[in-house]
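Trainee: Here is a sequence with its predicted model. Questions after.
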Amino acid sequence: MNAPRFLGLDLAWSAANPSGLAALDGEGTLFALRADLRGDDQILDWVRAHLGTGGGAIAIDMPTIVTNRSGRRCCEAELARDFARHHAGPYPANLARFPDGGRARALLDRLRADGVVETLEIAPHDRRTVAFEAFPHPAAVRLFGLERVIPYKKKRRAWPAVLDAWARYRSLLGTLRDADPPLCIPAELLPARLPDSSKYKAWDDKIDAVMCAYVASFVWRHGTASGRVVVYGDMDGGHIVVPACAAVAREAAASRVHLVP
């Protein structure tokens, strides 16, 4: 029986910090979520334990291909031209910052033995487990038709403002239950009260991983040649894959949060 799964990895750039990891089943239900693993071997074991059968996708929020010695990659420049006005541009990646290619590259190299293929040629309902680089901010801008990225990051922001941004973001994610493909978030991911500010970073990592997992599902559902997905860059110098269209009609659709009982 085929049981595709969709994994989102918000990889920390250093193993000194924890990463956000999320897994969706073939129906779009979030069934695994954590933000406490740090080491490469721990993350590899988690990914292997959550791979599906009969196809699936892994979307990674970290550079997977880095060949430029300095500056930014071509895919980052291309994406910035479209998203800088939305305040959703990427950080630059280069070999000065990632002399060995980075953690994502090492992870994907090890996952080849498990049949995981990094590729930009993805068919709808691809029978392989495909992997690619993603970026939550531009994905949210496109999926929700936003003029500006939601400022849910805690850095240099007052806690009440962060709470308001979190509430808006989680409401928008709730609207994806009726999207194609759907996203169903268990109620425990959306608590009545958020943790105190000292624990917010873990929730930040988790929500980024959830968005990556949804992008994995979206790209696998529609394919990269459908017109519903934009690929910035290529397999030579690096890439970032972004949904090309809104998943809901308008932001007003966020009037209700859908929870799995």
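Mentor: Structure's in. What do you need? Residues are numbered from 1 along each chain as shown.
Trainee: In terms of secondary structure, what does the strand or helix carrying H137 contact?
Mentor: Using DSSP states H and E, H137 sits in helix 136-144. If you count contacts as 3 or more Cβ pairs under 8 Å, 6 or more residues apart in numbering; DSSP states H and E, helix 136-144 packs onto helix 74-83, helix 159-175, helix 200-222, strand 238-243. C-betas here are computed from N, CA, C, even on glycine.
Trainee: among those, which is nearest Y91?
Mentor: Checking the helices and strands packed on helix 136-144 against Y91 by Cβ to Cβ gives helix 74-83 as the closest, at 8.0 Å.
Trainee: Which elements pack onto whatever helix or strand comes next after that closest one?
Mentor: Proceeding N to C from helix 74-83, the next assigned helix or strand is helix 103-111, under DSSP H and E. Helix 103-111 is packed against helix 40-50, strand 56-60, strand 129-133, with contacts defined by 3+ Cβ pairs under 8 Å, 6+ apart.
Trainee: Go through those and name the closest to A161.
Mentor: strand 56-60 (28.1 Å).
Trainee: Paired strands for the closest one, with orientation please.
Mentor: Paired neighbours of strand 56-60 in the sheet (DSSP bridges): strand 5-10 (parallel), strand 129-133 (parallel).
Trainee: I'd like those as a markdown table, with mean pLDDT and distance to L108 appended.
Mentor: Putting the strands paired with strand 56-60 into a markdown table (pLDDT from 0 to 100; distance: least, Cβ to Cβ, whole Å) gives the following:
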| stretch | mean pLDDT | distance to L108 |
| --- | --- | --- |
| strand 5-10 | 99 | 10 |
| strand 129-133 | 99 | 6 |
